[in-house]
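1. The following comprises the amino acid sequence and a computationally predicted model.
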Amino acid sequence: MLDRSTIIGFILGVVLVVLAIVTQGSLLIFISFSSALIIGGGIISATMVNYSFEDIKTSFTAILSMMGAKEVDLRTDMELLSMFARRVRTDGILVLDSDIQHIEDQYLKTGLQLAVDGFKMESLDSILRDEIKSREREVDTSINVMYSMAESAPAFGMIGTVIGMILMLQNISDPEALGAGLSVALLTTLYGAIVANMVMGPLAGKLGYLSELDLNRKQMFRTGILSIVEGENPRIMEKKMLIHIDPKSRAEYIKYHEGARISKERDEKFYKLWIEQQNKEWDDLKAILEAG
Amino acid sequence: MLDRSTIIGFILGVVLVVLAIVTQGSLLIFISFSSALIIGGGIISATMVNYSFEDIKTSFTAILSMMGAKEVDLRTDMELLSMFARRVRTDGILVLDSDIQHIEDQYLKTGLQLAVDGFKMESLDSILRDEIKSREREVDTSINVMYSMAESAPAFGMIGTVIGMILMLQNISDPEALGAGLSVALLTTLYGAIVANMVMGPLAGKLGYLSELDLNRKQMFRTGILSIVEGENPRIMEKKMLIHIDPKSRAEYIKYHEGARISKERDEKFYKLWIEQQNKEWDDLKAILEAG
Amino acid sequence: MLDRSTIIGFILGVVLVVLAIVTQGSLLIFISFSSALIIGGGIISATMVNYSFEDIKTSFTAILSMMGAKEVDLRTDMELLSMFARRVRTDGILVLDSDIQHIEDQYLKTGLQLAVDGFKMESLDSILRDEIKSREREVDTSINVMYSMAESAPAFGMIGTVIGMILMLQNISDPEALGAGLSVALLTTLYGAIVANMVMGPLAGKLGYLSELDLNRKQMFRTGILSIVEGENPRIMEKKMLIHIDPKSRAEYIKYHEGARISKERDEKFYKLWIEQQNKEWDDLKAILEAG
Amino acid sequence: MLDRSTIIGFILGVVLVVLAIVTQGSLLIFISFSSALIIGGGIISATMVNYSFEDIKTSFTAILSMMGAKEVDLRTDMELLSMFARRVRTDGILVLDSDIQHIEDQYLKTGLQLAVDGFKMESLDSILRDEIKSREREVDTSINVMYSMAESAPAFGMIGTVIGMILMLQNISDPEALGAGLSVALLTTLYGAIVANMVMGPLAGKLGYLSELDLNRKQMFRTGILSIVEGENPRIMEKKMLIHIDPKSRAEYIKYHEGARISKERDEKFYKLWIEQQNKEWDDLKAILEAG
Amino acid sequence: MLDRSTIIGFILGVVLVVLAIVTQGSLLIFISFSSALIIGGGIISATMVNYSFEDIKTSFTAILSMMGAKEVDLRTDMELLSMFARRVRTDGILVLDSDIQHIEDQYLKTGLQLAVDGFKMESLDSILRDEIKSREREVDTSINVMYSMAESAPAFGMIGTVIGMILMLQNISDPEALGAGLSVALLTTLYGAIVANMVMGPLAGKLGYLSELDLNRKQMFRTGILSIVEGENPRIMEKKMLIHIDPKSRAEYIKYHEGARISKERDEKFYKLWIEQQNKEWDDLKAILEAG
């Protein structure tokens, strides 16, 4: 399923523009295949010269995959990792070997696998860092592709309008035709403005926004994995990981764990729950745990 | 109560625009529900695609809460912290345990609580830093949301105007209708320009401005807390904290304390005053203290 | 007295615009109270929402005080400090105690006072640095206020013009009235462009420019004070300070001092001159010294 | 052969614009020698004042040479370097002496030659770094030349249009001539917009994009060469080099090598293949190797 | 003599604009003293408010002096410095004392003089660095002055055009006069666009470009001087200096020196040649040396 606010935002935008038109005139006037061709084709042409067709595809894949990602709750991730930390403190790192297969997130899975394989702190840290950096670089290209699309849309809108105006001005004798001609010419400007401000610009922003959340989560995983390998106190690990969580969720998490007693039974119950219902909201998990 | 200059600025702006209109014509011409719909809806739609509805809400909450914050006087904070420092130098850190409940500011409260709980310098420092960084990141998102709103407002103004012009140019025969049509079309441009330049742009700037003051205060608290834990000389602590205060207030503070004798009695009197009248202006506190 | 080039620049600008108008028509057409109201009031309203009334005031105070500052000649400052350095090398730092009262510049005065008071190198350095940083931060806010004023001026110009056009287009029947109406509407655009490009923009630039000179001088003072406290060779001190002086003046200074013999008598004569005629141009001081 | 996506992008763009015109009118109206002269000549004139004729030439040479470069597959490079690493581990660095002549890439060739010549790690590292930096600086100038061309194109478009409008407005009596005149004047705007948004802008972007790929490859070579000289374990070398490869190719490479056994025979077969078919796609090489 | 590409670029630009005009109408229409006054005077007025008259002068002096500089060939400089290095290795640093008077470049001259005077590495290095930094700062101001001129030109163009339009719209009755009026009003826009895009913008760019070349040469000198003082191997010195040379010239230099034998006789012959024909192109020097 796609990111909800994106969908709602798009629908809202379309409804608005259509409403603004139909309350004043006919929607049909605003449909122009040639304007759509200039905007769409122009953007694709410029992006292909600038980047490559591959990049355009990657860029749209990236945003689709990110928006389609199951919603994650960093607090559930934290519960999981601090449970792992407690188990490793008592039974050693090899205890995680069987758990890794249940993990969905590729980054966390690979990281813990490397930890179990006995990689040393430094190499593990540098691999985890490089993975994040390489991911960041990849997404940055996609974001740039989208921004350059958003930037060239109004330019192609203007190109289309100027072409229309040049043609219209050639036979200036009939003022009514003049009006209709200018009206058609302006359509490309409208299309360009809509594509830039309601589609590509916000989508580029969203990709950046989602990628930041994603990188933040990966960084939290990195902190956790390294902490587990080092055998740090799980409480200190939690403290380090908490800075990756937004203040409100953090406050709730801290408050809950001040009250809750961490026991072996709770850990086991939580683990069973997590395997069954991965990525579930922390609030729900908590409720079930408390219900007993 | 809201930040005064924001309120006065808004009122001034509205009065100005209304004046500029009513001296030349009727205000009624300038009211257009559909223009407001395109600007307001377009901005919300684009922001929802770019960020999320949650972010828009957080962004407005942030500015309301910051503007509603009681005015603070950093010099009163300094008096308090240097009094605490003197007490800790004589009686040890635990003496602060009972004082913490009187503190309103969450950051200072938590920081001192951790100090009393015996956290070591390094962990305390890193927790206090992380808290500031995490707060900064949160506010930055809100500022970005507002700026992207301010930036898209004129674009939606143009979209509305172009839609109006396309419709108008369809029936160009009646020149008077043409004028009226263009007049209505331009309304959306006007709305967009006003929202961008008189509302969202300045509000985004204000949020950044207030957040800087807020972070500066938190940084001063951090300096003070660490200094108290280290048992530094209160005078050196004051010197370090003073760089967070604007030059004029700093000069006044230094001048006053060159004259004033710090005695145990003064500290006690100040403390009593402070508990009763938290966040009071330093000038008033000083006057009362001097009055005896 | 104000900075000369600013005054001349303003006069030149006003003369130009007036000339451009009166050679083609009547100046009276260009005076519009309502346009001035929209531009002036709009800018103030937006700045109040964005910053605070206090900041607007500080910003103008800053530029007035900086432009009103007596012109300084860094070479005279250098002569003074190297004379101080020589006296301290022979008679110890306390010898400066009586000289400090003659110094006009607050930064140099405070710095030398702290040096005489026996502050250690590290604390002295950090105080001098913090003072510069705090000053820089303060001026930066003022510069930002002015730039945001310059940026919003054309926007309010456009708002005023659009309001005028909407009103004008309502009664499009009389083409002559149309022209006059558009003419009046354009006045606000003109006002906005003039305020942005001839007043606020350049003033913001000037404030930045003057503040850079000021910070450069303070940094030279810092270098000198620290060098004196460390008891460094005055020649090395001069070398360090020279990089703060522009190449032409530097060359003149070096050339002059290659020829001139530094003697105790010259130092005394210079000192007497300096006390009498503070901030005098170095060229004049030099001439008097040479004249004997 | 030129970069495929650039060619296709250009063709697509030209087809689009021509289509947009011919469906509405005659293409002949859109051909104007004088508009082309103003845009082309203006851009060249401004670039010559800003940079030099030499730079314009270098800039176009750079993009031609980069687009004409045989496509490279970083995984083939990796196979080669890790084979070299294995050979050096057993037989010493001098074993590479005869292989160097087969290498096409100048950077890798020079680097390995220096390694064979016995340069020490530090000097080798600094030479390899400097080479990359110097190359980067050179390409940056070319990119800047192209961007400044893209930026000035619309400005010259406007200059041409304003010239046309001034001429046209001189004899305003004949409205039909007015239309035709404005139509011609707008052509320069159209040319400027097309040159900026469909040619120079995307080409500048492409040059930056290709240069990034090129620098990334050089950086991978540097990592590899230094690793070989240091005698590092080939597996660790591979791990370091892998971060320069895009995630998808990296995954494929890792997966393949988990399965494949590295034997002396495989290395020899690979080496023979590589000498015969340099720069071949890794997929093909792999297939042949597997086929035996 | 001025920089050739600047001159040719300017001539090309003027010819183009004149051609574009005369092929369509009379050049006389395009000459307007009042437009020139607004653009020229407005730019000077704004720059004087922003900077100072002195800075405008320095800025133009800087570009004239840089463009008038004899063309330099970094390879000739390298030959010279490596010859010096060889002589210092055999005869000690004092051997350079008599050579310094022949050097034209002030930076190299001062640097070598300081080396002969026995300055220690650290002080020498810091003096050479400061000189470059101070020079950079000075040129940066000049570049900023020019860019701010280029930026304000279109604004004053618009101011002039709006003034013209306001005047013209006052008497709208005669449509022909209207056309002529608008035509004249547009002239200022044209002037502003030409000044910004064909004169000040490219000149600012050129100043930056030339200053970069100049700083690069100074940095090469610094490398060389320090290397000579340290008594480094001349070959290593050459290697360090080569990174300041563009790739093509570097390749030629390296290739030539691989073949050429460095002998005492060659050095002497080169030195004699250099004293006679300072700053001569390296290619010519080489040819003469080879000719024997």
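-> Nice, I can see it.
2. Excluding residues flanking it in the chain, which one is nearest the residue nearest the centre of chain A?
-> The residue lying closest to the centre of chain A (C-alpha atoms, centre = their mean) is A:Leu210, at 2.6 Å. Using C-beta to C-beta, 6 or more residues apart in numbering or on different chains and skipping the chain neighbours, the partner closest in space to A:Leu210 is A:Met66 (4.3 Å). All C-beta atoms are positioned from the backbone trio N, CA, C, and that covers glycine.
3. residues contacting that neighbour?
-> Neighbouring residues of A:Met66 by C-beta atoms under 8 Å, 6 or more residues apart in numbering or on different chains: A:3, A:207, A:210-211, A:214.
4. Roughly how far does A:Ile132 sit from A:Leu74?
-> Distance, A:Ile132 to A:Leu74, using C-beta to C-beta, to the nearest Å: 16 Å.
5. ok and the residue in the stretch 1-150 of chain A nearest chain C?
-> Closest to chain C within the stretch 1-150 of chain A is A:Gln24: 16.6 Å, counting by C-beta to the nearest C-beta.
6. what packs against the helix or strand of chain A with the lowest mean pLDDT?
-> In chain A, no helix or strand scores lower on mean pLDDT, DSSP states H and E than helix A:282-291, which sits at a mean of 77. Applying 3 or more C-beta pairs under 8 Å, 6 or more residues apart in numbering or on different chains; DSSP states H and E, one finds that helix A:282-291 contacts helix A:74-91, helix A:247-259, helix A:264-276.
7. can you list the ones you listed in TSV and add distance to C:Ser148 and mean pLDDT?
-> Rendered in TSV, the data for these read as follows (distance: least, C-beta to C-beta, whole Å; pLDDT from 0 to 100):
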stretch	distance to C:Ser148	mean pLDDT
helix A:74-91	37	88
helix A:247-259	29	80
helix A:264-276	51	80
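8. which of the ones you listed is buried the deepest?
-> Across the helices and strands packed on helix A:282-291, averaging neighbours per residue (mean count of other C-beta atoms under 10 Å in any protein chain shown) puts helix A:74-91 on top, at a mean of 20.
9. Just the CA atoms of the very next helix or strand once past it, as CSV, please.
-> Next in sequence after helix A:74-91, counting helices and strands by DSSP states H and E, comes helix A:106-116. C-alpha atoms of helix A:106-116 as CSV (Å, rounded to 0.1, in the frame of the first residue of the first chain):
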residue,chain,number,x,y,z
GLN,A,106,17.8,-6.5,5.0
TYR,A,107,20.2,-4.1,6.7
LEU,A,108,19.5,-5.4,10.2
LYS,A,109,19.6,-9.0,8.9
THR,A,110,23.0,-8.6,7.2
GLY,A,111,24.4,-6.6,10.1
LEU,A,112,23.5,-9.2,12.7
GLN,A,113,24.6,-12.1,10.5
LEU,A,114,28.0,-10.4,10.2
ALA,A,115,28.1,-10.0,14.0
VAL,A,116,27.3,-13.7,14.4
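10. rewinding a little: a markdown table please, covering the helices and strands packed on helix A:282-291 and showing distance to A:Leu289.
-> Listed next are these as a markdown table, based on distance: least, C-beta to C-beta, whole Å:
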| stretch | distance to A:Leu289 |
| --- | --- |
| helix A:74-91 | 9 |
| helix A:247-259 | 10 |
| helix A:264-276 | 6 |
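11. Using JSON lines, please lay out those together with distance to chain B.
-> As requested, the helices and strands packed on helix A:282-291 are exported to JSON lines (distance: least, C-beta to the nearest C-beta, whole Å):
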{"stretch": "helix A:74-91", "distance to chain B": "13"}
{"stretch": "helix A:247-259", "distance to chain B": "6"}
{"stretch": "helix A:264-276", "distance to chain B": "25"}
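12. Thanks again, I'm all set now.
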